[in-house]
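Novice: Based on what follows, work out the 3D shape:
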Amino acid sequence: MQNYSLAVRSTRLAQVIQEAEPLLRLNLTDPYFREDPAKSSKLVGFKDTDELEVRQFKTLLTQDIGVEPSVLKATQAEDEILIVNEYAGFPLRLISSLARMRNPYLREQHSPTSFLHNDYNASFPDIIPPDARKMEELEDVFYPCLALGLLEKNQENKQLEFQYHDRLRDNYTTASLNTEWSQALEELANRKEMTEALQQLLDNEIAVIEGQPELWDNNYLVKLRQFVKEVDELPEDSANYPYKAAVVGTSTSTNPIAKEGIINRFRRKMTEQFKNSSIQIKNLGNKKAIVGEIVVDSPIVYTDNRAKRRLELERLKQDLADDLMSEEEYEREKQKIFAQYPL
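Specialist: Numbering: from 1, shown residues only. The predicted structure is shown next:
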């Protein structure tokens, strides 16, 4: 600073400090940005002595530029000034003009010689994360499907799978999702047709229970409780452990600010819905005949192609496991079942 006049010293030093700012321009007006002092820290380190030049330097920093005295740190280097800005993690969507990086990113992602990611087990569906509200909507579909067994883990490829009808190709196809919940949700967010198919899968299952409300307490509620037990027992090193509280909630006995959890919210909603359905069916069965009106008591018949299909597929899988048929025969018979019991 001694090489500059007193009038320009503060300007030049401010320019030097600016070089320590992040090169990526962040959109700090984004609604997802939260100004939090705990998310960043600054440090200006130098040899702190009683020499005139050092005192003038400290005055420049604190009085002219406005650096807080707590940021100044003493170091041992005689001829070195260290300027550091550290930032905690932030959503990628805060980076200005991030959309322009998407195409080069995707090219690298699919290149066989790319070094974009150093962990081949991790999946990065898109450089821009989905909108938070959209993710919340997906969670209300994904986790109930997982709990009810509509998403099954394939032991060979370690993927979560479900079958759906591909309208474009007019056939049934198997969709695969990552077993890490956050990655599976991002995959769904980028595959609209797959998301709609999973939603339809859940809606169909709910329709089955509405027709036979007794299934809720006797079958489906048991599945939900088993899923909650499995999530409660997740080890801390599990990739899904951080989402435990959001999925199954927290107990009031262990947490004064208890969270309901997605599964409990789904259970409460379904219990109320099926209770009302049961009352309506009961009232219909107790309806009294009006004079001159002919009432024929006949059982209500519910078409449950999903249940029939599942039963036939389970039998088919057992035949395959018992070596009673080949893989080719299994696939052929499976397609026949899909055609016989359309959803």
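
Novice: all strands of the protein, in order?
Specialist: Under the criterion DSSP state E, strands of the chain are mapped to 40-46, 72-74, 82-87, 152-154, 159-166, 171-177.

Novice: Any chance of JSON lines for these, columns distance to V141?
Specialist: Backbone N, C-alpha and C define where each C-beta goes, glycine included. Shown next, in JSON lines, are the strands of the chain (distance: least, C-beta to C-beta, whole Å):
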{"stretch": "strand 40-46", "distance to V141": "36"}
{"stretch": "strand 72-74", "distance to V141": "50"}
{"stretch": "strand 82-87", "distance to V141": "34"}
{"stretch": "strand 152-154", "distance to V141": "16"}
{"stretch": "strand 159-166", "distance to V141": "12"}
{"stretch": "strand 171-177", "distance to V141": "12"}
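
Novice: among the ones you listed, which is nearest I65?
Specialist: With C-beta to C-beta as the measure, strand 40-46 is the member of the strands of the chain nearest I65 (9.7 Å).

Novice: quick one: contacts of that closest one?
Specialist: The set of residues external to strand 40-46 that reach it, using C-beta atoms under 8 Å, 6 or more residues apart in numbering, is 17, 54, 57, 61, 67, 71-75, 77, 80-88.

Novice: Of those, just the buried ones, PyMOL syntax please.
Specialist: For the buried members of the contacts of strand 40-46, the matching PyMOL selection, counting by 16 or more other C-beta atoms under 10 Å, is:
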select buried, resi 17+57+61+67+72+83
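
Novice: can I get the strands of the chain in TSV with distance to E312 and mean pLDDT?
Specialist: Below are the strands of the chain laid out as TSV (distance: least, C-beta to C-beta, whole Å; pLDDT from 0 to 100):
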stretch	distance to E312	mean pLDDT
strand 40-46	59	88
strand 72-74	71	93
strand 82-87	56	86
strand 152-154	16	88
strand 159-166	13	83
strand 171-177	14	84
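
Novice: Out of those, flag the one nearest E333.
Specialist: Of all the strands of the chain, strand 171-177 comes closest under C-beta to C-beta, at 13.3 Å.

Novice: in that closest one, what counts as buried?
Specialist: Neighbour count says strand 171-177 has Y172, A175, L177 buried, by 16+ other C-beta under 10 Å.

Novice: Now do the same contact list for the closest residue to I17 other than its chain neighbours.
Specialist: Among residues not flanking I17 along the chain, I83 sits closest, at 5.8 Å (C-beta to C-beta, 6 or more residues apart in numbering). Applying C-beta under 8 Å, 6+ apart, one finds that I83 lies in contact with V16, I17, E19, A20, L43, V44, G45.

Novice: okay, the second one: pLDDT?
Specialist: Right, the one you point to is I17. I17 carries a pLDDT value of 86.

Novice: quick one: it and L72, what's the gap?
Specialist: 12 Å (C-beta to C-beta, to the nearest Å).

Novice: on that earlier part again, quick check: bridge partners of the residue nearest to I17?
Specialist: Counting by DSSP bridges, I83 is bridged to V44.

Novice: How much space separates it from E136?
Specialist: 40 Å.

Novice: what do you get for V67?
Specialist: Distance of V67 to E136, given as C-beta to C-beta: 41 Å.

Novice: Equivalent analysis for Y243, please.
Specialist: 13 Å.

Novice: I95 too?
Specialist: 23 Å.

Novice: who has more neighbours, those two?
Specialist: With neighbours defined as other C-beta atoms under 10 Å, I95 and E136 compare such that I95 has more, 18 against 12.
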